[in-house]
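Here is a sequence with its predicted model. Questions after.
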Amino acid sequence: MNLEALQTSWRRVERIGDEATQYFYSHLFLAHPEVREMFPIRMSTQRAKFFAALGRIVSNVETLADDPEFVAQLGRDHRRFGVIADHYPAAGASLLATLAHFHGARWTEELAQTWTDAYWAVAGIMTAAAEQAADTPAWWDADIVATERRSIDVTVHTVRPLQPFHYEAGQSIAIEIPQRPRLWRYFSPANAPRPDGTFDIHVQAVDGGEVSATFARMVRPNDRIRLGSPVGTALVIPPEAADRLLLVAGGSGLAPLRAVLDRIEQTWRHSGFAPQVRLFHGVRTAWNLYDHEALTALTEYPWFTYTPVVSEDPGFRGVQGMVGAVAARGLDLSGCTALVCGSPTMVTATVSDLTIAGMPRHAIRYEMFGQAAAADQPADQRSSDKVAQWM
């Protein structure tokens, strides 16, 4: 496989942008109209997901054999859309047709074979992962059992799965709400697993978002939602794995870090052990400090320190600034492990700030896989579309 030719040709298509993805889906739906119902009615966000996922795969194709997890997760996730092995030849044919159309005379037999080999290598990983996961549900049904408006923008939903559902504190879950069918978005449970199986989801409404505003304001108790399988390992950390933890959250990116904190609190109560934990929660305005009261109460523990940070409210009497810069300022970061969660912009800035302040890159943990559809996210929110549907 000519990897250089593969990546060079993909960069040409990337420069074309949305026109190429429109062509791909038009070709696919015309050739196979039966698959149209697997996709959302509005395709703008879906097209962005396709580009982001395929771009990541092509950019990292050299390491695909050694680190196939991103592609394997795509294969497992596609089960909830009804994708089966027979759909892969159709998608492959449309992808090759799209590439041929936009490359024109540059589309040679050798390049076509390179892309064919690459596509089927990816498809093989995806179908194998889907087959291996066949004994687990494609999704789990769950009920909303309680809803609490925490601020103008933030709602906390309590969710009860109808079947046993296992996740680790710090993981994320794809969710489909009945008001927005086939528009799955990733959210993180904001608590460690409970004996009764319930968990809380923090939802921040975003103007113009396809899902978030509806999820925050229209979903009610007794609504039934769907859950995908939990994903992510970067924010999953046992309480005993670090002596000092720095948690840096932007907006509702607080949720997975809140779950990590909840697990540490449980361990403290049972064993008397906890690492030293310092949490910085960054928001634009003071009313978005939606968990301020509960976090303040936790500062009674000798191992926990909490600092709210506001970036766009001059009247706020506490710490002001960008949360990553504040977290990196004047702290002893030696021997510390940092967990960072927020929008792609916030995470990138925070990682840079912490690195400049002297924290080793390997000590900074965050999730950034599949940053596809930012349409539902402003700058101070975490990405809810972590793993993209691309076929």
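That came through fine.

measure Leu96 to Ser59 for me?
Separation of Leu96 from Ser59 (CB to CB, to the nearest Å): 19 Å. In short, each C-beta sits where N, CA and C put it, glycine included.

Summarise which helices and strands the longest strand along the chain is packed against.
Longest strand in the chain by number of residues (criterion: DSSP state E): strand 140-149. Judged by 3 or more CB pairs under 8 Å, 6 or more residues apart in numbering; DSSP states H and E, the packing partners of strand 140-149 are strand 154-161, strand 224-227.

who does it pair up with?
If you go by DSSP bridges, strand 140-149 pairs up with strand 154-161 (antiparallel), strand 224-227 (antiparallel).

could the helices and strands packed on strand 140-149 go into a markdown table alongside mean neighbour count, mean pLDDT and distance to Ala325?
A markdown table is the format used below for the helices and strands packed on strand 140-149 (neighbours: other CB atoms under 10 Å; pLDDT from 0 to 100; distance: least, CB to CB, whole Å):
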| stretch | mean neighbour count | mean pLDDT | distance to Ala325 |
| --- | --- | --- | --- |
| strand 154-161 | 20 | 97 | 23 |
| strand 224-227 | 19 | 96 | 36 |
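
Among those strands, which comes closest to Leu183?
Among these, strand 224-227 comes nearest to Leu183, with 11.1 Å by CB to CB.

Just the C-alphas of the following helix or strand past the closest one, formatted as PDB.
Following strand 224-227 in sequence order, the next helix or strand is strand 244-250 (DSSP states H and E). Provided in PDB are the C-alpha atoms of strand 244-250 (Å, rounded to 0.1, in the frame of the first residue of the first chain):
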ATOM      1  CA  ARG A 244      -1.900  14.200  43.300                       C
ATOM      2  CA  LEU A 245      -4.700  14.800  40.800                       C
ATOM      3  CA  LEU A 246      -5.300  18.100  39.000                       C
ATOM      4  CA  LEU A 247      -8.800  18.200  37.500                       C
ATOM      5  CA  VAL A 248      -9.500  20.900  34.900                       C
ATOM      6  CA  ALA A 249     -13.000  21.200  33.500                       C
ATOM      7  CA  GLY A 250     -14.600  23.600  31.000                       C
END
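
Check the average confidence over strand 244-250, would you?
Here strand 244-250 scores 97 as its mean pLDDT.

surely Ile264 meets Gln276?
No: in this structure, Ile264 is not within contact of Gln276 by CB atoms under 8 Å, at 10.2 Å.

who's more crowded, the two?
More crowded of Ile264 and Gln276, by other CB atoms under 10 Å: Ile264, with 26 against 14.

how near is the more buried one to Glu367?
Using CB to CB, Ile264 is found at 19 Å from Glu367.

and the end-to-end length of stretch 246-264?
Stretch 246-264 has an end-to-end distance of 13 Å (CA to CA, to the nearest Å).

same check, this time on stretch 232-245
By CA to CA, one end of stretch 232-245 lies 19 Å from the other end.

With stretch 217-227 instead?
First-to-last residue span, stretch 217-227, CA to CA: 19 Å.

mind listing the helices in this structure by residue range?
Ranges of helices in the chain, per DSSP state H, are 3-16, 18-31, 44-59, 69-77, 87-103, 109-132, 212-217, 254-271, 292-298, 323-328, 344-356.

Any stretches of this structure with poor pLDDT?
Filtered on pLDDT under 70, the chain yields the residue ranges 41-48, 51, 65, 368-391.

per the record, what domains does it have?
3-132, 140-227, 239-371 (automatic domain parsing).

how far does stretch 281-295 sit from the chain's center?
21 Å (CA atoms, centre = their mean, to the nearest Å).

I figured Pro341 hits Gly253, correct?
One thing to correct before we go on: residue 341 is Cys, not Pro. Yes: in this structure, Cys341 is within contact of Gly253 by CB under 8 Å, at 3.8 Å.

follow-up on the earlier one: which neighbours do Ile264 and Gln276 share?
With contacts taken as CB atoms under 8 Å, 6 or more residues apart in numbering, Ile264 and Gln276 have Leu245, Trp303 as neighbours in common.

what's the burial count for the nearest residue to Gln204 once chain neighbours are set aside?
In space, Gln204 comes closest to Ser252 once its chain neighbours are excluded; the distance is 4.1 Å by CB to CB, 6 or more residues apart in numbering. A count of neighbours around Ser252, defined by other CB under 10 Å, yields 35.

What separation do you get for Ser252 and Asp200?
For Ser252, the distance to Asp200 - CB to CB - is 11 Å.

Please apply the same query to Asn60.
34 Å.

Among the two, which residue is more densely surrounded?
Between Asn60 and Asp200, counting by other CB under 10 Å, Asp200 is the more crowded of the two (19 against 13).

As PDB, could you dump the C-alpha coordinates of stretch 17-37?
C-alpha atoms of stretch 17-37 as PDB (Å, rounded to 0.1, in the frame of the first residue of the first chain):
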ATOM      1  CA  GLY A  17     -14.600  20.100   1.800                       C
ATOM      2  CA  ASP A  18     -18.300  19.700   2.100                       C
ATOM      3  CA  GLU A  19     -18.800  19.200  -1.700                       C
ATOM      4  CA  ALA A  20     -17.000  15.900  -1.500                       C
ATOM      5  CA  THR A  21     -19.100  14.500   1.400                       C
ATOM      6  CA  GLN A  22     -22.300  15.700  -0.300                       C
ATOM      7  CA  TYR A  23     -21.200  13.800  -3.400                       C
ATOM      8  CA  PHE A  24     -20.400  10.700  -1.300                       C
ATOM      9  CA  TYR A  25     -23.800  10.600   0.400                       C
ATOM     10  CA  SER A  26     -25.700  11.400  -2.800                       C
ATOM     11  CA  HIS A  27     -24.000   8.600  -4.500                       C
ATOM     12  CA  LEU A  28     -24.700   6.200  -1.700                       C
ATOM     13  CA  PHE A  29     -28.400   7.100  -1.300                       C
ATOM     14  CA  LEU A  30     -29.000   7.000  -5.100                       C
ATOM     15  CA  ALA A  31     -27.300   3.600  -5.400                       C
ATOM     16  CA  HIS A  32     -28.700   2.200  -2.200                       C
ATOM     17  CA  PRO A  33     -31.900   4.100  -1.200                       C
ATOM     18  CA  GLU A  34     -32.600   1.500   1.500                       C
ATOM     19  CA  VAL A  35     -29.900   2.800   3.700                       C
ATOM     20  CA  ARG A  36     -31.200   6.400   3.800                       C
ATOM     21  CA  GLU A  37     -33.400   5.700   6.900                       C
END
